[in-house]
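Q: fold the following for me, if possible:
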Amino acid sequence: MAPVSQAAALLAQYHQSSTALQSLNGVMERPVERPEGKQFISRPVIRGEIRFDKVTLRYPDEEREALRDISLKIEAGEKVALLGRVGCGKSTLNKLMLGLYQPPAGPFWSMGWTFASSTPSS
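A: Sure thing, here's the model as predicted:
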């Protein structure tokens with residue numbers, strides 16, 4: 001009886017997924033609403049690189065460094081995956097790239113300028 005109940009459960013799951021897909025397709029097929037005569041800001045094409053040069057970061061009140069002597073270079077348009085175990089620094093590296101943290105040791109460049117010499121308005 002177990003294979004029959006598994007098949008029934010699989011059929012129910014398929015039906016739910018099919019219904020959800022139809023809903024999503026309906027949303028995606030709707031026209032984009034933009035008011036006439038209104039100008040929108042477009043994101044510029046990013047040209048440059050992201051580079052870390054022996055970057056080290058320790059979170060406040062932590063003894064252990066979250067990142068130590070990390071060096072890497074990501075070219076413009078290059079696709080990179082961050083893989084590793086839990087707690088190895090993937091999220092910390094992402095937060096540094098987004099500018100949420102400033103590394104106290106080691107320069108970090110993005111698109112030709114260093115985050116240490118920038119202000120939020122720049």
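
Q: Pro3: which element?
A: Assessed by DSSP states H and E, Pro3 sits inside helix 2-28.

Q: flag every buried residue along whichever helix or strand comes after that helix.
A: Helices and strands here follow DSSP H and E; after helix 2-28, the next one along the chain is strand 49-57. Within strand 49-57, the residues scored as buried using 16 or more other CB atoms under 10 Å are 50-52, 55, 57. To be clear about C-beta, it is placed using only N, CA and C from the backbone, and glycine gets the same treatment.

Q: what angle do the next helix or strand after strand 49-57 and strand 49-57 make?
A: Going down the chain from strand 49-57, the next helix or strand is strand 67-75, by DSSP H and E. Interaxial angle of strand 67-75 relative to strand 49-57 (axes from the mean of the first three to the mean of the last three CA atoms, to 10 degrees): 180 degrees.

Q: picking that back up, pLDDT of the helix holding Pro3, averaged?
A: The pLDDT scores in helix 2-28 average 91.

Q: please state the offset of it from the chain centre?
A: The chain centroid and the centroid of helix 2-28 are separated by 30 Å, computed with CA atoms, centre = their mean, to the nearest Å.

Q: what's the answer for stretch 66-85, then?
A: 12 Å.

Q: can I get that stretch in CSV, CA atoms only?
A: The C-alpha trace of stretch 66-85 is given here as CSV (Å, rounded to 0.1, in the frame of the first residue of the first chain):
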residue,chain,number,x,y,z
ALA,A,66,35.8,36.1,10.7
LEU,A,67,38.1,36.6,7.8
ARG,A,68,41.9,36.5,7.8
ASP,A,69,44.2,37.6,5.0
ILE,A,70,41.6,37.1,2.2
SER,A,71,42.9,38.2,-1.2
LEU,A,72,40.8,37.9,-4.4
LYS,A,73,39.9,39.7,-7.6
ILE,A,74,36.6,39.6,-9.4
GLU,A,75,36.6,41.1,-12.9
ALA,A,76,33.6,43.0,-14.2
GLY,A,77,31.0,40.6,-15.5
GLU,A,78,32.7,37.6,-14.0
LYS,A,79,30.4,35.1,-12.2
VAL,A,80,31.6,33.8,-8.9
ALA,A,81,30.2,31.3,-6.4
LEU,A,82,31.2,31.4,-2.7
LEU,A,83,31.2,27.9,-1.4
GLY,A,84,32.2,26.6,2.0
ARG,A,85,31.2,25.2,5.4
